[in-house]
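Enquirer: the sequence and its predicted three-dimensional model are supplied below.
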Amino acid sequence: MSKRNTYNTEFKVAAVARVLAEREAPSAAWCYHDPIEDMAAVIALARQKSDAAELMRLKEENNRLEEENEILQKASAFFAQRVGK
């Protein structure tokens, strides 16, 4: 009886990312050692992490743009007052 290897989720995510990023043969990075359902779960987790990172980046960019917009509004109001004098 052979012992089946078990891999934690982090290892699976890293293996899938390696295959997708480097276009490496799946067998070289584990992909076919576990059932397809596990692969789908790993891919979904990788996408979820990627989406979360993108959402965080967009939120930070949105905050920066809001601050820039506020500064421009204040500057516009300041210069509008000076022109009116």
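Expert: Thanks, I have the structure now.
Enquirer: against Glu68, how distant is Arg57?
Expert: From Arg57 across to Glu68, the span is 17 Å (CB to CB, to the nearest Å). No exception for glycine: its C-beta is placed from N, CA and C like everyone else's.
Enquirer: now Leu55
Expert: For Leu55, the distance to Glu68 - CB to CB - is 20 Å.
Enquirer: average pLDDT for stretch 61-70?
Expert: For stretch 61-70, mean pLDDT rounds to 97.
Enquirer: now do stretch 13-23
Expert: Per-residue pLDDT over stretch 13-23 has a mean of 72.
Enquirer: got the CA coordinates for it in CSV?
Expert: Extracted C-alpha coordinates of stretch 13-23, given in CSV (Å, rounded to 0.1, in the frame of the first residue of the first chain):
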residue,chain,number,x,y,z
VAL,A,13,-1.6,27.8,-4.2
ALA,A,14,2.1,28.3,-4.7
ALA,A,15,2.3,25.3,-7.1
VAL,A,16,-0.6,26.6,-9.2
ALA,A,17,0.8,30.1,-9.3
ARG,A,18,4.1,28.6,-10.4
VAL,A,19,2.5,26.6,-13.2
LEU,A,20,0.5,29.6,-14.4
ALA,A,21,3.3,32.1,-14.1
GLU,A,22,6.1,30.1,-15.6
ARG,A,23,4.0,27.9,-17.9
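Enquirer: can you list the buried residues in that stretch?
Expert: When burial is assessed from 16 or more other CB atoms under 10 Å, stretch 13-23 yields the following buried residues: Val13, Ala14, Ala15, Val16, Ala17, Arg18, Val19.
Enquirer: any idea what sits nearest the first one, other than its immediate chain neighbours?
Expert: The shortest distance from Val13 to any residue that is not its chain neighbour, by CB to CB, 6 or more residues apart in numbering, is 5.0 Å, and that residue is Ala46.
Enquirer: please apply the same query to Lys49.
Expert: In space, Lys49 is closest to Val13, 7.2 Å off (CB to CB, 6+ apart).
Enquirer: in terms of helices and strands, where is the one you found?
Expert: Element membership for Val13, per DSSP states H and E: helix 9-22.
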